[in-house]
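Engineer: Compute the structure for the input listed below.
(2 chains)
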Amino acid sequence: MARALINVPAKAKRGDVIEIKTLISHTMETGFRPDSSGKLMPRDIITDFVCKYNGEEIFRAELFPAIAANPFIVFSTIATESGSLTFEWTGDNGFAASGSANITVE
Amino acid sequence: MTPAAAALALAALVGVSAVAAEIPFADRKSDYEVMGPDIRAMQDDDTANPGTLWVLDGEALWKRSEGAAGKSCADCHGDARVSMRGVAARYPAFNAARARPVDLEQRINICRTDQQHATPLPFESKELLALAAYVGRQSRGMPIEIADDERSKPFLQAGRDLFNQRQGQLNLSCAQCHDDNWGQKLAGAPIPQGHPTGYPLYRLEWQSLGSLQRRLRNCLFGMRAMTYAFGAPEYVDLELYLMWRARGMKLETPAVRP
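Structural biologist: Here you go, the predicted model:
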């Protein structure tokens, strides 16, 4: 599975806005680049990213060929309750990666 | 003044002006200080620095048994956080068996062929970059310290000569940009001093980690000069000179650059 880095604060006060950073390793091949023989290399990108907070979807992104390799997605949410955040990336050629992080809300 | 004395004075003058072109110690700065705050923040935060992806791959490779000997890097070197601390800051270093300096990537491949009895990893392959980034990461924040090795001197001089030699269709030398005109603009982009403090580093333009040799090829290509094959002695001499030129500066591996 692709390597992913997830940065969620371990602790937060209830009602605080927290920043979540994710980074995943992926070539994001656009499908518009020729290889050394001049043939177009097939598209191979991540198409979807979803973040769920205790099972509830809080953030979703669609990705397109113009997005650089190793997509770095940063977003924020409000810390409402302790629990886990899960992250899922899906893409071309059956690409699937996931990760999770725990947060304690006081 | 006798003609001999005049010639001597002239030689001294020429000598002085050649030295004066080098950047004074106190004025040296890493490109880190020149680049924007957003990219600096990216480099400083391990979870935002894409180089970390290679470092983690390198950590896994470090522990993996390879080759006919069935040995991993860790079998000989143990915990890289201890054994590899400060190592990358000393490379390129003289290798007695090769009778010349070798850079970190070449040193890793020497270990692979001689100790692990495995095939050497190709230059710029993900595996070699990952191992170099992992080893380099252990020296982050440590000063670059090229050994004062008599045997390396001719190679250091060769690197310095190459740095000062005009080449390519644009008839430029490395020194004309990076010693004489750093801080100015070239086609809108700032000209850096060219200190290799963070290799292998993640260049946003490359969308990947890359070695110093790859960066040198970039420059040569831009000068419309002949590029050398990866691993060529000319590159290693130049790497040696550049690291010596950056002596005392802190290593940032894996750095992020625009």
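
Engineer: Who are the packing partners of the longest strand seen in chain A?
Structural biologist: In chain A, ranked by residue count with DSSP state E as the criterion, the top strand is strand A:95-105. Here strand A:95-105 touches strand A:4-7, strand A:11-12, strand A:17-24, strand A:83-91, going by 3 or more Cβ pairs under 8 Å, 6 or more residues apart in numbering or on different chains; DSSP states H and E. For every residue, glycine as well, the C-beta is placed using N, CA and C.

Engineer: how about 6 Å then?
Structural biologist: Judged by 3 or more Cβ pairs under 6 Å, 6 or more residues apart in numbering or on different chains; DSSP states H and E, the packing partners of strand A:95-105 are strand A:4-7, strand A:83-91.

Engineer: Can you tell me the element the residue nearest to B:Lys71 when sequence neighbours are not counted falls in?
Structural biologist: Nearest non-adjacent residue to B:Lys71, counting by Cβ to Cβ, 6 or more residues apart in numbering or on different chains: B:Gln116, 5.3 Å away. Assigned by DSSP states H and E, B:Gln116 belongs to no helix or strand.

Engineer: got the phi/psi numbers for B:Gln116?
Structural biologist: phi -90, psi -10 (degrees, to the nearest 10).

Engineer: Which pLDDT value goes with it?
Structural biologist: In this model, B:Gln116 is scored at 94, pLDDT.

Engineer: could you measure the most far-flung residue of chain A relative to its centre against chain B, distance?
Structural biologist: Note on chain A: the largest separation between a C-alpha and the mean C-alpha position, by Cα atoms, centre = their mean, falls on A:Ser37 (33.0 Å). As for A:Ser37, its distance to chain B is 19 Å (criterion: Cβ to the nearest Cβ, to the nearest Å).

Engineer: Now do the contacts for whatever residue of the stretch 151-258 of chain B ends up closest to chain A.
Structural biologist: Nearest residue of the stretch 151-258 of chain B to chain A: B:Gln207, at 3.7 Å (Cβ to the nearest Cβ). By Cβ atoms under 6 Å, 6 or more residues apart in numbering or on different chains, the contact list for B:Gln207 reads A:68-69.

Engineer: Kindly report the same for B:Asp103.
Structural biologist: B:91-92, B:236, B:239.

Engineer: how about 8 Å then?
Structural biologist: For B:Asp103, the contacting residues are B:91-92, B:212-213, B:235-236, B:239-240, by Cβ atoms under 8 Å, 6 or more residues apart in numbering or on different chains.

Engineer: Might you list the low-confidence residue ranges for the chain?
Structural biologist: Just so you know, I chose chain A. A:1 (pLDDT under 70).

Engineer: ah, no, chain B please
Structural biologist: Looking at chain B by pLDDT under 70, you get B:1-20.

Engineer: Get me the contact residues on it for chain A.
Structural biologist: Within chain B, the positions adjacent to chain A are B:42, B:45-48, B:50, B:52-53, B:56-57, B:204, B:207-208 by Cβ under 8 Å from any Cβ of the partner chain.

Engineer: The residue sitting nearest the centre point of chain A in helix, strand or coil?
Structural biologist: Closest to where the C-alpha atoms of chain A average out (Cα atoms, centre = their mean) is A:Phe49, at 4.9 Å. Three-state call for A:Phe49 (DSSP: H, G, I helix; E, B strand; the rest coil): strand.

Engineer: ok, it touching A:Thr86?
Structural biologist: No: contact criterion Cβ atoms under 8 Å: A:Phe49 and A:Thr86 do not qualify, at 11.6 Å.

Engineer: For residue 29, which non-adjacent residue is closest in space?
Structural biologist: No chain in the question, so chain A it is. A:Asp44 (4.2 Å).

Engineer: Wait, chain B was what I had in mind.
Structural biologist: Per Cβ to Cβ, 6+ apart, closest to B:Lys29 is B:Gln193, 6.5 Å.
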